[in-house]
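My questions are about this predicted structure, shown below with the sequence.
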Amino acid sequence: MFDPVIAPSGTLLGLLQRGRGDGTLHALTAPRAEALAALNHCVLRDPRHDWQVENRSLYYARLYLDLNGELDAVQAHLFDPEDVVDTDESRTGLALAVLGHLASYGRRDALELLRRYAAHGSNWAWALDELALRDDDAGLRALAAPVLARFATDPEGEAKLAAAVRDAFEPRPWRLWAEDPRASIATRVRAAQEAGCFDRWQRQMRPSGPRPDWSVRAVFEWAQQGLERGAALHVPAARCLVAVAGPEDRPEILQAALTGTDGARCTALRYLADSDDRDALDLIEAAVADGTAPVVEAAVDAFERMRSIAAVDRARGWAQRPDALGAAAGRMLACRGGAQD
């Protein structure tokens, strides 16, 4: 990760680079061209010292909406010839995350840009993860052929494909492609899924480095330790629970989601939401009502990932709430064609 150059705090650019709330106010009162130039500078040259612990994409996405900002500069950055040479995630990650939020708010141009980059860009996996949360099934199915074309059909290419499936942050596209009516698509993806599962099992049986003890409690403790260090680990911790937890562990996970430490609570909420647990929605609502800021953020994020009919029904009831959960419910309904469908 490069070391960002931060402008003085009294300038519009400096305020936006720091993610300051008054940066938005200054941007909205500044000449629009100047504000958009500063915003584009931040999005295309990530100002964060550590993108893994600083969330800035929603801040910039909302400012694009407030300014009705065009995405020409973002498009030029993503498809610059440098994209082929510099494949580090830090070059395009923030821009892709911003596009993901804009797509959630109904910006069709952002959705189309993500689709195009997933098909042709070097950081395609990040773009695909953003689309997995926002795009419809038809849009994702259209990407199957260009994504699979990245991998040769020889043993080395198939091994790389299996690794990509195994390590995907969002599994939804690969699950869709495994059921694709085109045999050439479905057969390759299913084989890659099987190879990835076998490889994951081998790695668990013969770990190459230190890892938390494989128990639900140990995973919760690991997530809390990360939070105390300033690193949000509840997402990988929730994925660990998938491999660790059994039916007998459900009461412990439910209790953690209700009264656990912040790390445990965030982890449990994410795990329950991803598995469409019947109590997930009630626990998310309780977390938003009495949780700390990290717990509320994790609960809202977990809810936005849900795709069940029960989640959409609950969103209709939550859409009028004046809090983050209400905003998330509104976005969910907007992505599905409105609250009345």
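Arrived safely.

Would you check that Ala27 makes contact with Ala37?
No - applying Cβ atoms under 8 Å as the test, Ala27 and Ala37 come out as separate, 10.4 Å apart. C-beta coordinates here come from the backbone N, C-alpha and C atoms, glycine included.

Looking at the two, which one has more neighbours?
Ala27 (21 against 14; other Cβ atoms under 10 Å).

pLDDT score for the more buried one?
You'll see Ala27 listed with a pLDDT of 94.

just Asp213 next, same as before
The confidence metric pLDDT takes the value 52 at Asp213.

now swap in Arg331 and tell me
So Arg331 comes in at 88 (pLDDT).

So for it, what's the nearest residue that isn't a sequence neighbour?
Nearest in space to Arg331, with sequence neighbours left out and distances taken as Cβ to Cβ, 6 or more residues apart in numbering, is Ser104 at 5.1 Å.

Count the neighbours of the one you found for me.
Applying other Cβ under 10 Å, we find 21 residues neighbouring Ser104.

same deal with the one 4 residues further on?
As a burial measure, Arg108 scores 9 neighbours (other Cβ under 10 Å).

mind checking pLDDT for it?
If you check Arg108, the pLDDT there is 96.

and the gap between it and Arg265?
Going from Arg108 to Arg265 by Cβ to Cβ, to the nearest Å gives 36 Å.

Likewise for Glu158?
Distance, Glu158 to Arg265, by Cβ to Cβ: 40 Å.

So those two - more neighbours on which side?
Shown here are Glu158 and Arg265; by other Cβ under 10 Å, Arg265 has more neighbours (28 against 16).

didn't the more buried one look like it was pressed against Gln255?
No - with contact defined as Cβ under 8 Å, Arg265 does not reach Gln255; the gap is 9.9 Å.

what's the average pLDDT for the one helix or strand Val295 maps to?
Assigned by DSSP states H and E, Val295 falls within helix 293-305. Mean pLDDT, helix 293-305: 93.

so where's this protein shaky on pLDDT?
For the chain, the stretches with pLDDT under 70 are 1-3, 51-52, 196-214, 336-341.

can you list the domain ranges for it.
Using automatic domain parsing, the domain ranges for the chain come out as 1-135, 148-209, 216-335.

Could you tell me the end-to-end distance of the last one?
The reference is to domain 216-335. Using Cα to Cα, to the nearest Å, the end-to-end distance of domain 216-335 comes out at 34 Å.

right, so of the domains of the chain, which gets closest to Arg141?
Closest to Arg141 of the domains of the chain, according to Cβ to Cβ: domain 148-209, at 6.0 Å.

starting at the chain centroid, how far to the closest one?
From the chain centre to the centre of domain 148-209 is a distance of 20 Å (Cα atoms, centre = their mean, to the nearest Å).

and Leu58, what helix or strand is that in?
Going by DSSP H and E, Leu58 is in helix 57-67.

Please point out which parts of that helix sit buried.
For helix 57-67, a neighbour-count test (16 or more other Cβ atoms under 10 Å) marks 57, 59-61, 63-64, 67 as buried.

what's the spacing between it and its chain's center?
Computed by Cα atoms, centre = their mean, the separation of helix 57-67 from the middle of its chain amounts to 17 Å.

Show me what it is packed up against.
With contacts defined as 3 or more Cβ pairs under 8 Å, 6 or more residues apart in numbering; DSSP states H and E, helix 57-67 has these neighbours: helix 21-29, helix 32-44, helix 89-104.

most neighbours per residue, which of those?
Of all the helices and strands packed on helix 57-67, helix 89-104 has the most neighbours on average by mean count of other Cβ atoms under 10 Å, namely a mean of 23.

that older thread, distance to Thr261 added to the helices and strands packed on helix 57-67, as JSON lines?
Output for these, formatted as JSON lines (distance: least, Cβ to Cβ, whole Å):
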{"stretch": "helix 21-29", "distance to Thr261": "29"}
{"stretch": "helix 32-44", "distance to Thr261": "34"}
{"stretch": "helix 89-104", "distance to Thr261": "27"}
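
show me the contacts for the residue nearest to Arg331.
Taking Cβ atoms under 8 Å, 6 or more residues apart in numbering as the criterion, Ser104 is in contact with 133-134, 304, 331, 334-335.

burial count for Arg172?
Per other Cβ under 10 Å, the neighbour tally for Arg172 reads 18.

That one reaches Arg141, doesn't it?
No - with contact defined as Cβ under 8 Å, Arg172 does not reach Arg141; the gap is 11.3 Å.

Extract the CA atoms of stretch 117-136 and return them as CSV.
Below are the C-alpha coordinates for stretch 117-136, written out as CSV (Å, rounded to 0.1, in the frame of the first residue of the first chain):
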residue,chain,number,x,y,z
TYR,A,117,-14.9,-3.9,-15.0
ALA,A,118,-15.8,-7.4,-13.6
ALA,A,119,-15.6,-8.7,-17.2
HIS,A,120,-12.4,-6.9,-18.3
GLY,A,121,-10.6,-5.4,-15.3
SER,A,122,-7.6,-6.8,-13.4
ASN,A,123,-9.3,-6.4,-9.9
TRP,A,124,-12.4,-8.3,-11.3
ALA,A,125,-12.9,-10.3,-8.1
TRP,A,126,-13.5,-7.2,-6.0
ALA,A,127,-16.0,-5.9,-8.6
LEU,A,128,-17.7,-9.3,-8.7
ASP,A,129,-18.1,-9.2,-4.9
GLU,A,130,-19.7,-5.8,-5.1
LEU,A,131,-22.1,-7.1,-7.8
ALA,A,132,-22.9,-10.2,-5.7
LEU,A,133,-24.6,-7.9,-3.2
ARG,A,134,-26.3,-5.5,-5.7
ASP,A,135,-26.9,-7.1,-9.1
ASP,A,136,-29.8,-9.3,-10.1
